[in-house]
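> here is a sequence with its predicted model. Questions after.
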Amino acid sequence: MKKQLYLLGLLFFTAQISLAQNTTPVIVAPVKATNLSGNIEALGDLEAVNNVNLTSQVTDYIVGIYFEDGQRVQQGDILIKMDTADEQALLAEEQARLHEAQRQVNRLNPLIEKMAASKSALDTQKSLLAISKAKIQGIQTAINKRTLKAPFDGVMGLRRISIGSLAQPGMQLATIDEDRQMKLDFTVSADQLSHLQPGLTVTATTTAYPDKTFTGTLVSLDSRVNPVTRMISGRVIIDNPDYQLKTGLLMRVNIEGEEKPAILIPEEALISESGQHYVYVIENAGNQTTVRKQAITIGARPDGSLAITSGLKTNEQVVIHGTLRIHDGSEVSITAVKKGNEPLTELLKQAQP
């Protein structure tokens, strides 16, 4: 009898050891309820409201430059002139032909009335007159292409050309920016569309001026959502009276919104498979602790956490360390619980016997 009791005890002890060996140690964190700021944050690129790279349309030598680096110019100011000697000679020649054709028309008109000249002669001179006017217009256009003027009020960029340089079609000769106002283009998730309306006040910051905040207005949204990224672009206009902001600056956009309730889990709990997101949720049944693989939908990612929009409830616990060694239904033992911002190294030390 004693022997039988001994064998039963040994079997029970062996089963307990086997059970413990099949239990996977994990570290967990509670699902927390909180309120998240409704602010929308994004990065955007800054540009002047109007900005142009002035390029040459023709091949010719530069004979005049009428601006300095960073100079402010007015619309219509002459900035660059190219050689027009050939065109001026052609213009003078054609103007002489025009004058002669006009003189012949003026001479023939009274003779036609007196039947002293043929109408065909008058028509020929009128045709020559029209041809000369068309040629003069073409030559004048060629001259205008060799004179670059400021298309709007603005500031010139650095001068990178010299008198005597040969300009060629497409060659950049100068830049001009109308920088009294700047446009800041940014992209956000299309999920934020309901919170974005033209007219909203927007603040923006840049590392170029770390102690300054710039204020602007959301003026428009793109008419399309990017079908690949599911993002939409918006545009903010920022006044720039002191001309501190420059084209090309990277700025952080902040659009204020109302706080909204949310539930959070640490990012370490997330498992992604084939585009779907999961977590392992702790389940207790008597003396047995197992995990359930739960599909979730995630939203914002505030400060190393994930906002969960569906799939979890507050006060549940999710596995944040040991996920690679478990599967749906695995039996686990909880060795540590993350309650605040403890680093994983500290939690692992807590888990040590």
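That came in fine, so what should we check first?
> per-residue pLDDT, Met115?
Looking at Met115, its pLDDT is 75.
> likewise Arg301?
Listed pLDDT for Arg301 reads 78.
> who touches it in this structure?
Counting by C-beta atoms under 8 Å, 6 or more residues apart in numbering, Arg301 touches Glu267, Ala307. Just so you know, the C-beta spots here come from the backbone N, C-alpha and C atoms, and that holds for glycine as well.
> now do the same end-to-end measure for stretch 24-43.
43 Å (C-alpha to C-alpha, to the nearest Å).
> actually stretch 53-65, not the one I typed
End to end - C-alpha to C-alpha - stretch 53-65 spans 16 Å.
> what lies in contact with that stretch?
With C-beta under 8 Å, 6+ apart as the criterion, stretch 53-65 contacts 78-84, 142, 145-146, 148, 159, 161-176.
> now it: buried residues?
For stretch 53-65, the neighbour count (16 or more other C-beta atoms under 10 Å) marks Leu54, Ser56, Gln57, Asp60, Ile62, Ile65 as buried.
> list just the nearest of these to Asn240.
Leu54 (21.4 Å; C-beta to C-beta).
> ok so, going back, what two of the buried residues of stretch 53-65 are the furthest from one another?
Maximum pairwise distance among the buried residues of stretch 53-65 (C-beta to C-beta): 17.3 Å, between Gln57 and Ile65.
> rewinding a little: restricted to strands, list the buried residues of stretch 53-65.
Leu54, Asp60, Ile62, Ile65 (DSSP state E).
> just put those residues in TSV and tack on distance to Val155.
Below are these laid out as TSV (distance: C-beta to C-beta, whole Å):
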residue	distance to Val155
Leu54	13
Asp60	26
Ile62	21
Ile65	16
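> closest to Val26 among those residues?
For these, the nearest to Val26 is Leu54 (64.9 Å; C-beta to C-beta).
> still on that earlier bit, same list (the ones in strands among the buried residues of stretch 53-65) but as CSV, adding pLDDT and distance to Arg292.
Formatted as CSV, those follow (pLDDT from 0 to 100; distance: C-beta to C-beta, whole Å):
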residue, pLDDT, distance to Arg292
Leu54, 94, 66
Asp60, 94, 77
Ile62, 95, 75
Ile65, 96, 74
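> ok, so of those, who is nearest His99?
Taking C-beta to C-beta as the measure, His99 lies nearest Asp60 of those, at 27.7 Å.
> bridged to the closest one, which residues?
Beta-bridge partners recorded for Asp60 (DSSP bridges): Ala167.
> against Val52, how distant is it?
In this view, Asp60 and Val52 are 20 Å apart by C-beta to C-beta, to the nearest Å.
> next: Val253.
Taken as C-beta to C-beta, the span from Val253 to Val52 is 25 Å.
> is it true that Gln104 touches Ser127?
No: counting by C-beta atoms under 8 Å, Gln104 does not reach Ser127; the two are 11.1 Å apart.
> comparing these two, which residue is more hemmed in?
Counted by other C-beta atoms under 10 Å, Gln104 and Ser127 do not tie: Gln104 has more neighbours, with 17 against 11.
> would you map the strands across the stretch 51-200 of the chain?
Using DSSP state E, counting those that start in this stretch, the strands of the stretch 51-200 of the chain run over residues 60-65, 72-73, 78-82, 147-149, 154-156, 166-167, 172-189.
> in TSV, list those along with distance to Ala89.
Formatted as TSV, the strands of the stretch 51-200 of the chain follow (distance: least, C-beta to C-beta, whole Å):
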stretch	distance to Ala89
strand 60-65	14
strand 72-73	30
strand 78-82	15
strand 147-149	17
strand 154-156	32
strand 166-167	20
strand 172-189	24
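> Ala96 is nearest to which of the ones you listed?
Nearest of those (C-beta to C-beta): strand 147-149, 23.2 Å.
> mind checking how far the closest one is from the chain centre?
In terms of C-alpha atoms, centre = their mean, to the nearest Å, the centre of strand 147-149 is set 32 Å apart from its chain centre.
> same question, stretch 169-181
21 Å.
> buried set for stretch 221-239?
The neighbour-count check on stretch 221-239 (16+ other C-beta under 10 Å) flags Leu221, Met231, Ile232, Ser233, Gly234, Arg235, Val236, Ile237, Ile238 as buried.
> avg pLDDT for that stretch?
The average pLDDT within stretch 221-239 is 93.
> what's the end-to-end length of it?
With C-alpha to C-alpha as the measure, the first residue of stretch 221-239 is 19 Å from its last.
> circling back to that earlier point, looking at Val253 and Val52, which is more packed in?
Higher neighbour count among Val253 and Val52: Val253, with 23 against 15, using other C-beta under 10 Å.
> ok, that one touching Phe186?
Yes: judged on C-beta under 8 Å, Val253 makes contact with Phe186 at a distance of 4.8 Å.
> so what sits against both of the two?
Shared contacts of Val253 and Phe186, defined by C-beta under 8 Å, 6+ apart, comprise Ala42, Leu43, Gly44, Val236.
> the strand or helix carrying the third one: how far from the chain's middle?
Counting by DSSP states H and E, the element that carries Gly44 is strand 40-55. Averaging C-alpha coordinates over strand 40-55 and over its chain gives two centres that are 9 Å apart (C-alpha atoms, centre = their mean).
> what lines up beside it in the sheet?
Paired neighbours of strand 40-55 in the sheet (DSSP bridges): strand 172-189 (antiparallel), strand 250-255 (antiparallel).
> most tightly surrounded among the strands of the stretch 51-200 of the chain?
Highest mean neighbour count among these (mean count of other C-beta atoms under 10 Å): strand 154-156, with a mean of 21.
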